[in-house]
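K.L.:
Next input, structure requested:
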Amino acid sequence: MNFENYIRDIQDFPKPGIGFKDITPLLLNAEATQACLDLLVSSLQGKKIDKVVGVESRGFFFGMLLAQKLGVGFIPVRKPKKLPFDTISASYELEYGSDILEMHIDAIKEEENILIHDDVLATGGTAKAVCELVEKLGGNIVQCNFLMELTFLNGREQIAEHEVFAALTY
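P.N.:
Residues are numbered from 1 along each chain as shown. This is a model prediction of the structure:
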């Protein structure tokens, strides 16, 4: 299945000069969603995963599906003051600004094997911040897993010490 047929390009969103990859057409099609999930899971064969980390907000869609398919727990990583318990945080830069991400301090136990999932790997700032959170809590990052990678932004360089998989590359 050609997943690119289910990704819509939106120009100048969220601000002028940004080309946004909209995944809602993919989410609207159950067959395409299942095929994409199957591809993401196939990249994990032979790997032991204890928990899946999903990054706010579009990383929640497939992150939760991956956790369910793998039979493991799901950890939401969110913007500041969105999680109700004690958190750790990491700041990061993206192609159109900067922000902070948070994770509950009890989300990962020492030496757990963690799959990080987000919708897109762009400049790598978000992925790097999430890797820092996982490692602060003592987790082992098994893979950084994405629906899409925008290779022209060189984000993979930010997380080069980790295995990276993307279902689509642009």
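
K.L.:
sec struct for the residue most central in space within the chain, please.
P.N.:
Taking Cα atoms, centre = their mean, the centroid of the chain lies closest to residue 118, which sits 1.5 Å from it. What DSSP: H, G, I helix; E, B strand; the rest coil gives for residue 118 is strand.

K.L.:
State the mean pLDDT of stretch 91-100.
P.N.:
Average pLDDT, stretch 91-100: 79.

K.L.:
try stretch 5-16
P.N.:
94.

K.L.:
swap in stretch 22-39?
P.N.:
For stretch 22-39, the per-residue pLDDT averages 98.

K.L.:
hey, where'd the helices end up in the protein?
P.N.:
Taking DSSP state H, the helices of the chain run over residues 24-27, 30-42, 59-70, 125-136.

K.L.:
For residue 79, which of these is the nearest?
P.N.:
Ranking the helices of the chain by proximity to residue 79 (Cβ to Cβ) places helix 125-136 first, at 10.9 Å. Where you see a C-beta, it was placed from the backbone N, CA and C, and this is true even at glycine.

K.L.:
what sits up against the closest one?
P.N.:
53, 55, 77, 88-94, 101-103, 108, 114, 116, 118, 121, 141, 144, 146, 155, 158-159, 162 (Cβ atoms under 8 Å, 6 or more residues apart in numbering).

K.L.:
Can I get it as CSV, trimmed to CA atoms?
P.N.:
These are the backbone C-alpha positions of helix 125-136, laid out as CSV (Å, rounded to 0.1, in the frame of the first residue of the first chain):
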residue,chain,number,x,y,z
GLY,A,125,14.7,18.3,18.5
THR,A,126,11.6,16.7,19.8
ALA,A,127,13.0,13.1,19.4
LYS,A,128,16.2,14.1,21.1
ALA,A,129,14.3,15.6,24.1
VAL,A,130,12.2,12.5,24.4
CYS,A,131,15.3,10.3,24.3
GLU,A,132,16.7,12.5,27.2
LEU,A,133,13.6,11.9,29.3
VAL,A,134,13.7,8.1,28.7
GLU,A,135,17.4,7.9,29.6
LYS,A,136,17.0,10.2,32.7
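
K.L.:
which ones are touching the residue nearest to the centre of the chain?
P.N.:
54-55, 58-59, 63, 126-127, 130, 144-147.

K.L.:
Give me the buried subset of the residues you listed.
P.N.:
Among the contacts of residue 118, those classed as buried by 16 or more other Cβ atoms under 10 Å are 54-55, 58-59, 63, 126-127, 130, 144-147.

K.L.:
what's residue 90 in contact with, if anything?
P.N.:
Here residue 90 is in contact with 100-101, 129-130, 132-133, 136 (Cβ under 8 Å, 6+ apart).
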